[in-house]
Each structure stands twice: as C-alpha cells, then as structure tokens.
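[1] I need the structure of the sequence given here:
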Amino acid sequence: MKNKTQIFVLFLFVLTLSSCYSHRNLRLLQENNHSLPVYPQSDYTDYRIQVNDEIIYRIITSDATITKLISPDMGSGSSQYQTSYRVYPDGTIDLPFISDIPVQGLTFKEAATVIENRFKELIPDAVVKLSLANKTFTIFGDAGSGILSIYREKMTIFQALSLSGDLANGNDLKHIRIIRQKDKGTEILEFDIRPKSIIDSKYYYIYPNDIIYVRREFSSFYMVNSYPAMLGVITFSISLLFTVLNYGN
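    As a prediction, the model looks like this:
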C-alpha cells in the first residue's frame with residue numbers, strides 16, 4: 001500500500017508539471033493585467049554617433065565640378081557604392097580636404113552642421129547630408145540569431161523580432177534584454193514585452209548596434225503547446241499508473 005501511495009504522489013507531481021501555455025502568458029499588448037509592469041512613456045531620442053561608426057556623407061553644391069572632385073562616388077546613385085568614413089577612437093572623422101572633425105556624441109543633424117560649416121570654408125553654398133553605413137542590430141538566443149539591417153527610422157522591438165522569425169511559445173517574454181553601447185559604457189535593458197505600456201517606453205525603439213537577447217523560459221521544458229497535447233500527457237500518465245499498479249498486484 002505504501003508503494004501505491006508513493007506512485008500516486010509521483011503521478012500527481014507529473015500532472016502538476018504537465019501544464020499548458022495560457023493566453024495570458026503569451027498575449028502581447030495586454031491591458032488591465034495587474035500582474036504585469038507598467039512602463040512610463042519616454043520621448044524618442046535621436047541616435048548619437050559613436051566610435052567606429054561608419055559614416056556616409058553627401059555634399060550638395062551648385063558647382064558640379066567641385067562635387068565630383070570631393071565626392072567622386074556620388075554619381076553612382078546608390079549608397080552601396082559610396083565610401084564610408086570611420087569615426088576614430090578620439091571621436092573625430094576625416095573627410096576629403098578636411099580632417100579632425102569632432103562628431104562623437106552628436107546626432108546626425110548636429111554632425112552635419114559641424115561638417116557643413118567646415119566645408120563652407122571651401123565651398124560657400126555647401127549643404128551636407130549624413131547617414132550611417134553600419135545601420136544594423138544583432139539578435140541571438142531562442143528567437144533566432146543574426147545581424148540584421150535597420151530598414152527604417154524609429155524601428156520598434158516588435159519589428160526587430162519579426163525580422164528574426166518572431167516569438168515562440170518557449171521564449172521568455174518576461175525577460176527580454178537589449179544590450180546597448182553608449183559613450184559612458186554598456187547598458188543592459190531588461191523588460192517584459194507583454195504589457196501595452198511598452199509602446200513609446202524606453203524599451204520600444206531599436207538603435208544601431210543594439211544586441212537583443214531572448215532566452216528560453218526554464219519552465220518551458222515542462223509545458224505543452226495546447227490542451228489536446230496536455231490531455232495526451234494526462235492520458236498517458238493515467239495508463240502508466242494503472243499499468244504499474246496492476247503489475248504490482
């Protein structure tokens with residue numbers, strides 16, 4: 001009888017572990033769920049240039065000869081063939097005919113103004129446009145892996161994850177992490193992606209050079225994807241229980 005009791009306790013333990021994913025655990029953009037965090041809204045801030053960024057510039061002037069002399073690859077019509085210029089460890093960048101331009105920590109609009117003012121010493125009507133050549137982010141973990149392009153301004157975490165193949169049932173939605181490089185060091189942002197309040201929070205937008213990590217939920221080892229699957233586990237467990245009990249008799 002003691003052995004049967006122990007088997008029955010084991011059976012109850014198996015049933016406890018054999019749980020199913022719930023809609024509440026997986027649904028995104030949830031409202032009125034008091035168990036989820038509420039994130040404050042945060043204004044979007046423009047990306048600031050960092051060391052080792054690759055900058056592409058375009059100069060606009062009424063003198064076509066000067067344009068070809070300073071930027072001979074502008075006639076290609078595609079940024080794929082344009083030369084990029086790396087930001088040095090001292091935070092400066094060198095461009096044709098001008099050097100040691102401080103750009104680290106500046107937005108692209110601010111950096112364009114600085115470079116434009118330097119060019120106007122040579123070309124009075126110069127207008128400068130800047131863009132980032134290495135406009136990518138990295139994702140790894142249970143949601144996929146790879147280095148992917150940021151194809152639009154103000155790209156969101158949902159768009160980034162969709163590029164990698166979206167989220168699966170076993171992903172840990174409560175502890176998504178973004179590793180972000182800043183001038184003062186590395187910042188790690190951890191958040192729950194399920195509440196609706198994530199929209200326009202500081203976790204919502206993806207920046208160049210971000211690293212997104214999605215780990216697998218530990219409890220997913222015991223989870224089943226649907227109620228029919230859970231019913232199958234229970235049925236199998238009951239059959240196994242009676243088989244063992246009959247064998248004991």
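[2] Test my guess that D125 contacts T67.
    No. Counting by Cβ atoms under 8 Å, D125 stays clear of T67, with 11.1 Å between them. To be clear about C-beta, it is placed using only N, CA and C from the backbone, and glycine gets the same treatment.
[3] Quick check on the two: which one has the bigger neighbour count.
    Taking other Cβ atoms under 10 Å, D125 and T67 do not tie; T67 has more neighbours (18 against 11).
[4] I'd guessed the more buried one sits against P96; true?
    No. T67 is not in contact with P96 according to Cβ under 8 Å; the separation is 11.2 Å.
[5] for this structure, which spans come out with low pLDDT?
    Residue ranges of the chain with pLDDT under 70: 1-24, 71-81, 218-249.
[6] Quick one: the helices in it, in order.
    2-17, 23-26, 64-70, 108-119, 157-164, 227-248 (DSSP state H).
[7] Next, the buried residues of the fifth one.
    Read it as helix 157-164. Burial within helix 157-164, assessed by neighbour count using 16 or more other Cβ atoms under 10 Å, is assigned to 157-158, 160-161, 163-164.
[8] Spit out the contact partners of R152.
    Q159 (Cβ atoms under 8 Å, 6 or more residues apart in numbering).
[9] what are the C-alpha coordinates of stretch 56-63, in PDB please?
    What follows is stretch 56-63, C-alpha atoms only, in PDB (Å, rounded to 0.1, in the frame of the first residue of the first chain):
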ATOM      1  CA  ILE A  56      28.400  58.200 -45.400                       C
ATOM      2  CA  TYR A  57      28.300  61.800 -46.400                       C
ATOM      3  CA  ARG A  58      26.800  63.700 -49.400                       C
ATOM      4  CA  ILE A  59      27.700  67.200 -50.300                       C
ATOM      5  CA  ILE A  60      25.300  69.300 -52.300                       C
ATOM      6  CA  THR A  61      26.600  72.400 -54.200                       C
ATOM      7  CA  SER A  62      25.800  74.300 -57.400                       C
ATOM      8  CA  ASP A  63      29.300  73.600 -58.700                       C
END
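[10] and the residue most central in space within the chain, what is it in contact with?
    Central residue of the chain (Cα atoms, centre = their mean): I212, 4.0 Å from the mean position. By Cβ under 8 Å, 6+ apart, the contact set of I212 is 137-141, 143, 157, 160-161, 164, 176-179, 206.
[11] What's opposite it in the beta bridge?
    Beta bridges link I212 to I139, I178 when assigned by DSSP bridges.
[12] Would you agree D142 is in contact with A168?
    Yes. Contact criterion Cβ under 8 Å: D142 and A168 qualify, at 7.1 Å.
[13] Domain map for the chain?
    2-21+225-248, 23-46+135-221, 54-131 (automatic domain parsing).
[14] How much space separates K202 from E190?
    Note on K202: its distance to E190, by Cβ to Cβ, to the nearest Å, is 12 Å.
[15] In terms of neighbours, single out the busier of the two.
    K202 (16 against 11).
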